[in-house]
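Trainee: sequence unavailable; structure follows:
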């Protein structure tokens, strides 16, 4: 449960990101417990969720690897002390320089998404006298029942190799001498709140493994991506996601082969609940039909509500007045600059501190300077 040191927060220039390091450590401890419980389970942190270096240090100390989706994320992982042998590189559009950098860094695996990408990685690896380890990202055509902007495992999505073409892709590998196939990779979506889609994924993987073994293809790794969700409505009641159920689903339904490793790429569920965006009320504006709480944070500081109408719990940290309903909006010159409509907050006045909860994932990392606004700074509990 996040504890806000109100007097300390009052002294900091708003808006800013506040990170509860105890929540992060409790989350990492639960992940580590599950990783150690099951043989061959390896967890990578999806750095796209938040690349704050203070958080990365805690994640590195907890022993996690890193999942990257750009060359700069690979560089970030290396520069922040992560072992390149625990770094995987995914992404549907890897450029030549990114592939070159990752090869030179000695990462463990490229998660490849198309035959043309395989051909380019093979050419670049050959030019450097190297052999690139790859996992084929397979699109399993599974509906994760999440927002359509963050589903990734349907045939209509841009990601991965279709199951219908997997045999022909496997058959093309002998001609690509500088590639070594070590595994299969999957990622079906994000903010998934029940285990049924993952059970379906396990069944799909089991069938694919049977299919590949008939072609005498043996795999070192299966990578099931991430996607496990968090409780945006009650971050204090559920500060640590239910990782026990998540990992137990794969242990129960996935038939790993002897010695096979199972890799995960968790992002949101690692860092979301430890972070909040703290902002100050500038004005309370009375409309004919509603009240507006106008705050000094904007969509440039937390874009998720504007981008896909994402819900974040909003709290007034400094008022004990009876609750009223407000539209909580920012100063950016866009009607989409709205954090929540008809939200019940303790009676709100100019100068009150407002917390946008569960902002540790896809908050700071997606910040931008639209309207030439400054990038908010970050602060941390002990």
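Mentor: Yes, it's here. Computed from a predicted model, the values in this text were never measured in an experiment.
Trainee: can you give me the pLDDT of residue 146?
Mentor: Residue 146 carries a pLDDT value of 48.
Trainee: meant to ask about residue 150
Mentor: According to the prediction, residue 150 has pLDDT 41.
Trainee: ok, residue 328 touching residue 338?
Mentor: Yes. With contacts counted by CB atoms under 8 Å, residue 328 reaches residue 338, the gap being 7.2 Å. Every residue, glycine included, has its C-beta placed from N, CA and C.
Trainee: those two: which is more packed in?
Mentor: Legend: neighbour count by other CB atoms under 10 Å for residue 328 and residue 338, higher for residue 328 (26 against 17).
Trainee: parallel or antiparallel, list what pairs with the helix or strand hosting that one.
Mentor: When elements are assigned from DSSP states H and E, residue 328 belongs to strand 323-329. The strands beside strand 323-329 in its sheet (DSSP bridges) come out as strand 291-295 (parallel), strand 338-346 (antiparallel).
Trainee: other residues contacting that strand?
Mentor: Contact with strand 323-329 is made by 284, 290-295, 314, 337-348, 354, as judged by CB atoms under 8 Å, 6 or more residues apart in numbering.
Trainee: before we move on, back to that, same list (the strands paired with strand 323-329) but as a markdown table, adding distance to residue 175 and mean pLDDT.
Mentor: A markdown table is the format used below for those (distance: least, CB to CB, whole Å; pLDDT from 0 to 100):
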| stretch | distance to residue 175 | mean pLDDT |
| --- | --- | --- |
| strand 291-295 | 58 | 97 |
| strand 338-346 | 53 | 98 |
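Trainee: what's residue 241 in contact with, if anything?
Mentor: Residues in contact with residue 241, defined by CB under 8 Å, 6+ apart, are 27, 228, 229, 230, 231, 269, 273.
Trainee: once you drop chain neighbours, what's closest to it?
Mentor: Leaving aside its chain neighbours, residue 241 sits nearest to residue 269 (4.5 Å; criterion: CB to CB, 6 or more residues apart in numbering).
Trainee: mind listing what's buried in the strand holding residue 328?
Mentor: The neighbour-count check on strand 323-329 (16 or more other CB atoms under 10 Å) flags 324, 326, 327, 328, 329 as buried.
Trainee: ok, stretch 77-96 next?
Mentor: In stretch 77-96, counting by 16+ other CB under 10 Å, buried: 77-78, 80, 82, 84, 86-92, 94.
Trainee: right, and residue 68 touches residue 84 too?
Mentor: No. Counting by CB under 8 Å, residue 68 does not reach residue 84; the two are 10.6 Å apart.
Trainee: so what sits against both of these two?
Mentor: Joint contacts of residue 68 and residue 84 (CB under 8 Å, 6+ apart) are 77, 107.
Trainee: show me which of the buried residues of stretch 77-96 is closest to residue 36.
Mentor: Residue 36 lies nearest to residue 86 out of the buried residues of stretch 77-96, by CB to CB, at 15.6 Å.
Trainee: list the contacts for the residue nearest to the spatial centre of the chain?
Mentor: Nearest to the mean C-alpha position of the chain, by CA atoms, centre = their mean, lies residue 267 at 3.1 Å. Residues counted as contacts of residue 267 (CB under 8 Å, 6+ apart) are 45, 46, 47, 48, 49, 50, 67, 226, 361.
Trainee: quick one: the helices in the stretch 251-382 of the chain?
Mentor: With DSSP state H, counting those that start in this stretch as the criterion, the stretch 251-382 of the chain has helices at 268-271, 304-308.
Trainee: for residue 202, which of these is the nearest?
Mentor: Taking CB to CB, helix 268-271 is the member of the helices of the stretch 251-382 of the chain nearest to residue 202, at 18.5 Å.
Trainee: so what's residue 158 scoring on pLDDT?
Mentor: We note a pLDDT of 55 for residue 158 in this prediction.
Trainee: residue 1 too?
Mentor: The confidence metric pLDDT takes the value 70 at residue 1.
Trainee: how close does the closest residue to it other than its chain neighbours get to residue 344?
Mentor: Distances taken as CB to CB, 6+ apart place residue 236 nearest to residue 1, at 4.5 Å, with adjacent residues excluded. For residue 236, the distance to residue 344 equals 16 Å [CB to CB, to the nearest Å].
Trainee: between these two, who's got more neighbours?
Mentor: residue 236 (14 against 11).
Trainee: wait, the more buried one touches residue 4, no?
Mentor: No. Look at residue 236 against residue 4 with CB under 8 Å: they stay out of range, at 10.6 Å.
Trainee: so residue 134 sits against residue 112, correct?
Mentor: Yes. In this structure, residue 134 is within contact of residue 112 by CB under 8 Å, at 4.9 Å.
Trainee: give me the buried subset of the contacts of strand 323-329.
Mentor: Applying 16+ other CB under 10 Å to these, the neighbour count classes 284, 291-295, 314, 337-340, 343, 345-346, 348, 354 as buried.
Trainee: out of these, which comes closest to residue 304?
Mentor: Lowest distance from residue 304 to the buried ones among the contacts of strand 323-329 (CB to CB) belongs to residue 339, with 9.4 Å.
Trainee: just give me the neighbour total for residue 7.
Mentor: Neighbour count for residue 7, taken as other CB under 10 Å: 7.
Trainee: by mean pLDDT, point me to the weakest helix or strand of the chain.
Mentor: The helix or strand of the chain with the lowest confidence, counting by mean pLDDT, DSSP states H and E, is strand 161-162 at a mean of 88.
Trainee: strand partners (parallel or antiparallel) of it?
Mentor: Using DSSP bridges, strand 161-162 pairs in its sheet with strand 132-139 (parallel).
Trainee: quick one: the strand it pairs with to chain centroid distance?
Mentor: Chain-centre distance of strand 132-139: 19 Å, with CA atoms, centre = their mean, to the nearest Å.
Trainee: how about stretch 265-282, which residues are buried there?
Mentor: Buried positions in stretch 265-282, judged by neighbour count with 16+ other CB under 10 Å: 265-281.
Trainee: can you tell me, leaving aside adjacent residues, what's nearest to residue 220?
Mentor: Distances taken as CB to CB, 6+ apart put residue 182 closest to residue 220, at 4.5 Å, once the chain neighbours are dropped.
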